[in-house]
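Novice: Fold the following and give me the result.
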Amino acid sequence: MKNLLFILCLVAIGNAHASTLSNLPTPMEQGGMIHINVVFLDTNSNTFSVAPDAGTPALNPISLWSPGNDFSPSDPWYSALSLSGQNLPFNSQFGFLVDGANSDLLPSGTSIGIRLLSATAGLQAQYYRANAPKAFTTIFEPTHDYVLWNGNMWHPVFTATAPGNYTATFEVFLANATGSGVADFTTVATAVPGYATTNVTLHFTAVPEPATTALLVLGLGVLLWRSRRR
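Specialist: Prediction:
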């Protein structure tokens, strides 16, 4: 018990010197961008092709992305990602990107729709904006399971509720409306008839919070020590 209290005191001392982060670590700071390359061809068959770069990004808590630091309570992602909040592991390495060199122009009045078809329970995607007005809003909810995307590079932030492996499958389609900004998750649209769609599945792994792992190891060590003494 004394050892446990000592470790907790060290953690508290370390947190006393923590810096306040004004935004999330960038995809490059997380290990590099992983592009989901989208090609649009203006024909009635094979309309879209999607080829994600190889990679299974790790969703980490902030204590692993930026040890000793935490987010400001004034930021919209504080309750979900901070050490004092839900402390969810997160990652934004996956980025949707149109392959402009090999794509046709979208028809007037349309955009690219990205619809979530299925996802492992506990995995969520967040619309994130680091500049004012800052934003951190859950997207792909059942009532509005798609975004309208203008083709510019877009990195949603994925979060998970527990350690483990996760997948998410998306449908890419031609939508009959244009959205606001890079990714619009409120405008209502439907698929343009006659254009084919395609699916892409992304894979993730969520890492446990290191303090939790350390306490579990410490607890097991104490139990083994006490067992041997007996």
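Novice: For the rest of this, base every contact and every neighbour count on C-alpha atoms.
Specialist: Noted.
Novice: ok, now how distant is the nearest residue to Ala168 once chain neighbours are set aside from Leu83?
Specialist: Once flanking residues are discounted, Ala168 sits nearest to Ala119: 4.2 Å by C-alpha to C-alpha, 6 or more residues apart in numbering. Per C-alpha to C-alpha, to the nearest Å, Ala119 is found 26 Å from Leu83.
Novice: Tell me the helices and strands packed up against the helix or strand harbouring Thr159.
Specialist: Per DSSP states H and E, Thr159 falls inside strand 157-160. Packing partners of strand 157-160 (3 or more C-alpha pairs under 8 Å, 6 or more residues apart in numbering; DSSP states H and E): strand 58-59, strand 90-91, strand 123-129.
Novice: What lies in contact with the helix or strand just after that strand?
Specialist: Going down the chain from strand 157-160, the next helix or strand is strand 164-175, by DSSP H and E. Identification of contacts with strand 164-175 by C-alpha atoms under 8 Å, 6 or more residues apart in numbering yields 48, 110-120, 123, 148, 189-192, 195-207.
Novice: Give me the residue at the spatial middle of this structure.
Specialist: Phe158 (1.6 Å; C-alpha atoms, centre = their mean).
Novice: What distance do you get for it to Thr201?
Specialist: In terms of C-alpha to C-alpha, Phe158 sits 14 Å off from Thr201.
Novice: Ok, Gln126 next?
Specialist: Distance, Gln126 to Thr201, using C-alpha to C-alpha: 17 Å.
Novice: And those two? Which one has more around it.
Specialist: Gln126 (19 against 16; other C-alpha atoms under 10 Å).
Novice: wait, isn't the more buried one in contact with Val147?
Specialist: No: using C-alpha atoms under 8 Å, Gln126 makes no contact with Val147, being 11.4 Å away.
Novice: Quick one: the helices in this structure, in order.
Specialist: For the chain, the helices defined by DSSP state H cover 2-16, 62-65, 78-81, 210-229.
Novice: Which pLDDT value goes with Val147?
Specialist: On the pLDDT scale, Val147 is placed at 98.
Novice: just checking, Val200 touches Phe48?
Specialist: No: applying C-alpha under 8 Å, one finds Val200 not in contact with Phe48, separated by 10.8 Å.
Novice: Please compare these two by neighbour count and tell me which comes out ahead.
Specialist: Per other C-alpha under 10 Å, whichever of Val200 and Phe48 has more neighbours is Phe48, with 21 against 16.
Novice: Contacts only, for that one.
Specialist: Val38, Val39, Phe40, Leu41, Val172, Phe173, Ala196, Thr197, Thr198.
Novice: wait, which of those is closest to Asn87?
Specialist: Nearest to Asn87 among those: Val172, at 31.2 Å, using C-alpha to C-alpha.
Novice: For that closest one, which non-adjacent residue is closest in space?
Specialist: Ile114 (4.8 Å).
Novice: Could you measure from Ala132 over to Pro107?
Specialist: Look at Ala132 and Pro107: by C-alpha to C-alpha, they are 32 Å apart.
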